[in-house]
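> Got a sequence here, can you model it:
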Amino acid sequence: IVWPAPSDQPVQFGLTKRGGGASILLFFGDRAPSDSLSNDWVTVHELSHLLHPRVPAADRWLSEGIATYYQEVLRARFGWTTPEQAWARIAAGFESGRRSGTDRSLSDEARDMHQTAAYTRVYWGGTAFVLAADLALRERGSSLDVAIARCLREVQHTATSVEARRLVAAFDAELVALADEYAARSEWPDTDGQLSALGVVLDGDEVRLVDAPLSAVRDAITQRGR
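As a prediction, this is how the structure comes out:
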């Protein structure tokens, strides 16, 4: 459902619902320039929620992490942003996630995020797991894309919640221990180490992509069809 909103933003807000079937509500800015949709990330984020069934409240770190990760890498793959812009947003998101939250486990933060407003910690803490999972899968010759496709085939989409551990097991059984570790974390994971290995270098407010042990993997993540 597309609904006009008094805003100059291309998409002011989006919401995904599951009851009676999947649906997305998007509030499009009625004063947004016609060419501004290419800069929108909200629509991609909301559509990415439909890549898996809904999850319980304490597992929203997984659903929001998947959607936040794909809102960046998919837009880079299709040329709506550059790889540098995508990785810059991911790096900035990790830094915001590091500074936010209530110092509890990621699953506790997710369960109570509407009460504590720990959205940034949940969204980007979940994204940190999703990136780690994608890297682990690519090291074994697979990818998150392949794992998501497997889940779409094997896990029924209903209005009933599906726990994160079951979804992750459908992605790849070897990722369950990693998911448990991230869900129980109260401290921020080593995203600096991840980005360094990928050759994502912060230079002031800019990001440079340099040769590194995983730079080929980094480029594959943001290449179309990969």
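
> CA atoms for contacts and neighbours, from now on please.
OK.

> can you list the weak-confidence ranges in the chain?
225-226 (pLDDT under 70).

> just the strands in it please.
Using DSSP state E, the strands of the chain run over residues 2-5, 11-17, 23-29, 200-203, 206-209.

> wait, which of those strands is closest to L106?
Evaluated with CA to CA, those place strand 11-17 nearest to L106, the distance being 21.8 Å.

> Quick check: neighbours of the closest one in the sheet, parallel or antiparallel?
Looking at strand 11-17 with DSSP bridges, its partner strands are strand 23-29 (antiparallel).

> buried sites along the strand it pairs with?
Along strand 23-29, these residues count as buried under the neighbour rule (16 or more other CA atoms under 10 Å): 24, 26-29.

> Do a quick rundown of the helices in the protein.
Here the chain has its helices, by DSSP state H, at 42-48, 60-77, 83-99, 106-111, 113-116, 119-139, 144-154, 164-171, 176-184, 191-198, 215-221.

> For F13, which of those is the nearest?
F13 sits nearest to helix 42-48 of all those, at 6.9 Å, using CA to CA.

> The closest one - contacts with which helices or strands?
Secondary-structure packing of helix 42-48 (3 or more CA pairs under 8 Å, 6 or more residues apart in numbering; DSSP states H and E): strand 11-17, strand 23-29, helix 60-77.

> Could you dump those into TSV with distance to W3 added?
Formatted as TSV, the helices and strands packed on helix 42-48 follow (distance: least, CA to CA, whole Å):
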stretch	distance to W3
strand 11-17	10
strand 23-29	5
helix 60-77	21
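
> which of these is buried the deepest?
Comparing the helices and strands packed on helix 42-48 by mean neighbour count (mean count of other CA atoms under 10 Å), helix 60-77 comes out on top with a mean of 24.

> any residues touching that helix, and which ones?
With contact meaning CA atoms under 8 Å, 6 or more residues apart in numbering, helix 60-77 is reached by 41-42, 44-49, 54-55, 81-83, 86-87, 89-90, 106-107, 110-111, 122-131, 164, 183, 221-225.

> re earlier: who wins for proximity to G204 among the helices and strands packed on helix 42-48?
When these are compared for distance to G204 using CA to CA, the nearest one is helix 60-77, at 20.4 Å.

> Between helix 83-99 and the closest one, find me the angle.
With axes from the mean of the first three to the mean of the last three CA atoms, to 10 degrees applied, the angle from helix 60-77 to helix 83-99 works out at 160 degrees.

> and the angle from helix 60-77 to helix 119-139?
Angle, helix 60-77 to helix 119-139, by the same axes, to 10 degrees: 70 degrees.

> hey, C-alpha coordinates of helix 60-77 in PDB?
Taking Å, rounded to 0.1, in the frame of the first residue of the first chain, the C-alpha atoms of helix 60-77 are listed here in PDB:
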ATOM      1  CA  ARG A  60      14.100  -9.100  15.900                       C
ATOM      2  CA  TRP A  61      17.800  -8.500  15.900                       C
ATOM      3  CA  LEU A  62      18.000 -11.100  13.100                       C
ATOM      4  CA  SER A  63      15.100  -9.800  11.000                       C
ATOM      5  CA  GLU A  64      16.200  -6.200  11.300                       C
ATOM      6  CA  GLY A  65      19.900  -7.200  10.700                       C
ATOM      7  CA  ILE A  66      19.000  -9.000   7.500                       C
ATOM      8  CA  ALA A  67      16.900  -6.000   6.200                       C
ATOM      9  CA  THR A  68      19.500  -3.500   7.200                       C
ATOM     10  CA  TYR A  69      22.300  -5.400   5.600                       C
ATOM     11  CA  TYR A  70      20.400  -5.900   2.300                       C
ATOM     12  CA  GLN A  71      19.200  -2.300   2.200                       C
ATOM     13  CA  GLU A  72      22.800  -1.400   1.600                       C
ATOM     14  CA  VAL A  73      24.300  -4.200  -0.400                       C
ATOM     15  CA  LEU A  74      21.300  -4.600  -2.800                       C
ATOM     16  CA  ARG A  75      21.300  -1.000  -3.600                       C
ATOM     17  CA  ALA A  76      25.000  -1.100  -4.400                       C
ATOM     18  CA  ARG A  77      24.500  -4.200  -6.600                       C
END
